[in-house]
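Undergrad: heads up, no residue letters with this:
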């Protein structure tokens with residue numbers, strides 16, 4: 001076999017290339033395998049309490065059971081896959097419910113109503129155990145512009161309630177605050193609220209933050225706004241018991257200038273770099289962004305083409321950096337027009353019709369986001385929670401069989417392949433398949449038993465790393 005490249009030349013050329021490859025890998029480490037919440041709930045800071053998550057969970061569960069008494073009614077309201085094969089009369093629905101209840105999981109999966117039955121019951125379980133995954137104590141749109149004295153007092157109270165929630169273990173798994181933007185007219189107010197809330201919280205908890213705590217900075221348009229927030233973090237950490245580097249942030253993309261700046265380039269990566277490693281997520285603001293595109297209120301919707309444009313720019317600019325990307329919210333609430341305890345049958349029917357119609361809209365919006373690879377969004381009202389989980393659970397369950405088979409085959413094939421410099425060439429593909437199951441397990445869409453069908457063990461799933469799974473299996477062999 002004849003070779004023309006001397007060993008020294010090959011080592012020199014490939015060694016130099018290796019430096020650049022490793023630099024690229026540092027910039028784009030891939031999707032972060034940590035648990036990402038499927039939604040963030042925004043609620044006015046003046047309404048927040050240590051019991052907010054529990055209260056909203058009860059409202060969400062009551063909304064579901066009051067307006068979809070069984071899995072058939074839910075499936076038909078949101079047109080879940082297979083809904084057209086399910087009975088419409090109440091007696092037949094009850095008979096089907098009893099039949100499905102008495103079947104094994106394997107036999108149930110052969111029935112037309114399997115998906116609807118499974119999704120409905122998983123939603124019930126989720127709302128009973130962990131209805132809310134993430135919450136933002138909102139000092140921006142959800143709170144509005146009030147007197148400084150009122151916002152000062154609210155910041156103190158919100159910190160006190162946060163500390164109480166930490167003590168009572170009643171906070172959701174993820175939580176944070178949204179301050180006012182660092183625009184010229186609101187920067188002082190945003191910084192002051194941040195200072196009051198964090199200083200009060202630190203004093204009450206000895207510098208301990210809630211699990212997965214984050215500060216949301218809205219309406220970011222220039223990197224200097226993020227640089228200012230990072231500097232404020234550093235000063236707060238230096239003057240409180242909050243550990244250095246503990247404060248994390250996320251930003252909102254809400255204006256056209258956040259997508260294309262004055263130089264005609266995409267500034268999102270410069271925003272990320274300005275955070276000096278403190279940014280963990282980016283969220284899209286549907287209604288401010290569509291308004292900035294001169295879309296009239298009637299058409300300001302998550303499905304608008306201008307949102308698709310921004311979403312794709314966000315994913316291209318920030319993809320594989322480890323940042324989470326979240327979509328916006330559906331602003332049409334599933335709440336009936338009639339209130340009170342003495343409603344007529346006609347009024348109750350009208351309420352249910354409105355709720356079902358708006359459930360369908362939220363369900364479709366969330367499924368569209370998932371189709372685009374955006375696994376997190378906003379919810380503005382607990383009545384939206386059931387549809388968040390209906391969309392997420394149906395999305396994962398519909399593609400479960402194919403994903404399980406693919407991951408099992410991929411791991412077996414990859415374990416036989418050769419690692420080059422400890423980096424498997426198709427690790428990104430394998431991690432993507434693994435992330436499907438991690439996301440499904442985290443939100444309750446999939447059970448451990450369903451995950452084990454991939455041939456992976458629970459301990460292997462807990463590594464959250466496809467590469468570590470391969471390395472572990474290689475050592476065993």
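TA: Happy to help now that I have it. Everything quoted here is computed from the prediction, not taken from an experiment. Numbers count the residues shown, from 1 in each chain.
Undergrad: from the chain's centre, how far out does stretch 107-123 sit?
TA: Mean C-alpha position of stretch 107-123 versus that of the full chain (C-alpha atoms, centre = their mean, to the nearest Å) differs by 25 Å.
Undergrad: compute the first-to-last residue distance for stretch 44-56.
TA: Terminal residues of stretch 44-56 are spaced 13 Å apart (C-alpha to C-alpha, to the nearest Å).
Undergrad: would you indicate which residues of that stretch are buried?
TA: 45-46, 48-50, 52-54, 56 (16 or more other C-beta atoms under 10 Å). (C-beta placed from N, C-alpha, C; glycine too.)
Undergrad: and of these, the nearest to residue 368?
TA: residue 56 (24.3 Å; C-beta to C-beta).
Undergrad: which residues sit against the helix or strand hosting the closest one?
TA: Element membership of residue 56, judged by DSSP states H and E, is helix 52-67. Under the contact criterion C-beta atoms under 8 Å, 6 or more residues apart in numbering, helix 52-67 has outside partners 41, 43, 49, 73-74, 77, 123-124, 127-128, 130-132, 135, 165, 170-172, 334, 351-352, 355-356, 359, 382-383, 385-386.
Undergrad: are any of those residues buried, and which?
TA: For these, buried by 16+ other C-beta under 10 Å: 41, 43, 49, 73-74, 77, 123-124, 127, 131-132, 135, 165, 171-172, 334, 351-352, 355-356, 359, 382-383, 385-386.
Undergrad: keep only those of these that are in helices.
TA: Counting by DSSP state H, the buried ones among the contacts of helix 52-67 place 73-74, 77, 123-124, 127, 165, 351-352, 355-356, 359, 385-386 in helices.
Undergrad: farthest pair in the residues you listed?
TA: Pairwise distances across these peak at 34.7 Å for 73 and 165 (criterion: C-beta to C-beta).
Undergrad: so residue 175 sits in a strand?
TA: Yes: assessed with DSSP: H, G, I helix; E, B strand; the rest coil, residue 175 lies in a strand.
Undergrad: right, and it touches residue 215 too?
TA: No: contact criterion C-beta atoms under 8 Å: residue 175 and residue 215 do not qualify, at 10.9 Å.
Undergrad: residues in contact with stretch 71-81: which ones?
TA: When contacts are defined by C-beta under 8 Å, 6+ apart, stretch 71-81 is touched by residues 64, 67-68, 82-83, 86-88, 93, 96-97, 100, 113, 115-117, 119-121, 123, 356, 359-360, 363, 386-387, 390, 394, 398.
Undergrad: now the residue most central in space within the chain: how far from residue 153?
TA: Nearest to the mean C-alpha position of the chain, by C-alpha atoms, centre = their mean, lies residue 376 at 2.6 Å. Between residue 376 and residue 153 the distance is 32 Å, computed by C-beta to C-beta, to the nearest Å.
Undergrad: how about residue 351?
TA: Distance from residue 351 to residue 153, counting by C-beta to C-beta: 37 Å.
Undergrad: buried members of the contacts of stretch 71-81 into PyMOL, please.
TA: To isolate the buried members of the contacts of stretch 71-81 in PyMOL, using 16+ other C-beta under 10 Å:
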select buried, resi 64+67+68+83+86+93+96+97+100+113+115+116+117+119+120+123+356+359+363+386+387+390+394
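Undergrad: reduced to three states, what does the residue lying closest to residue 453 once chain neighbours are set aside come out as?
TA: Of all residues not flanking residue 453 in the chain, residue 404 sits nearest, at 4.9 Å (C-beta to C-beta, 6 or more residues apart in numbering). Using three-state DSSP, the three-state assignment for residue 404 comes out as helix.
Undergrad: count the neighbours of residue 404 for me.
TA: Residues near residue 404, counting by other C-beta atoms under 10 Å, number 21.
Undergrad: pLDDT score for it?
TA: Looking at residue 404, its pLDDT stands at 89.
Undergrad: check contacts around it.
TA: 450, 453-454.
Undergrad: how close does it get to residue 451?
TA: Distance of residue 404 to residue 451, computed by C-beta to C-beta: 8 Å.
Undergrad: try residue 54
TA: When residue 54 is compared with residue 451 (using C-beta to C-beta), they lie 29 Å apart.
Undergrad: before we move on, what about residue 68?
TA: 28 Å.
Undergrad: and what of residue 233?
TA: Residue 233 is 37 Å from residue 451, by C-beta to C-beta.
Undergrad: swap in residue 436?
TA: According to C-beta to C-beta, residue 436 stands 10 Å off from residue 451.
Undergrad: if I read this right, residue 230 contacts residue 276, doesn't it?
TA: Yes: contact criterion C-beta under 8 Å: residue 230 and residue 276 qualify, at 5.5 Å.
Undergrad: contacts only, for the nearest residue to residue 129 once chain neighbours are set aside.
TA: Nearest residue to residue 129, sequence neighbours excluded (C-beta to C-beta, 6+ apart): residue 444, at 8.0 Å. Residue 444 is in contact with 122, 125-126, 129-130, 389, 393, counting by C-beta under 8 Å, 6+ apart.
Undergrad: pull the contacting residues for residue 212.
TA: Residue 212 makes contacts with 134, 173-176, as judged by C-beta under 8 Å, 6+ apart.
Undergrad: which one of those residues sits closest to residue 370?
TA: When those are compared against residue 370 (criterion: C-beta to C-beta), the nearest one is residue 134, at 16.6 Å.
Undergrad: quick one: the strands in this structure?
TA: 39-44, 134-138, 174-178, 213-217, 249-253, 279-284, 324-326, 377-379 (DSSP state E).
Undergrad: can you lay out those as CSV showing distance to residue 190?
TA: Output for those, formatted as CSV (distance: least, C-beta to C-beta, whole Å):
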stretch, distance to residue 190
strand 39-44, 16
strand 134-138, 12
strand 174-178, 10
strand 213-217, 8
strand 249-253, 12
strand 279-284, 17
strand 324-326, 20
strand 377-379, 20
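Undergrad: now tabulate these in CSV and tack on mean pLDDT.
TA: Shown next, in CSV, are those (pLDDT from 0 to 100):
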stretch, mean pLDDT
strand 39-44, 96
strand 134-138, 98
strand 174-178, 98
strand 213-217, 98
strand 249-253, 96
strand 279-284, 96
strand 324-326, 95
strand 377-379, 95
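Undergrad: closest to residue 473 out of these?
TA: Nearest of the strands of the chain (C-beta to C-beta): strand 324-326, 28.7 Å.
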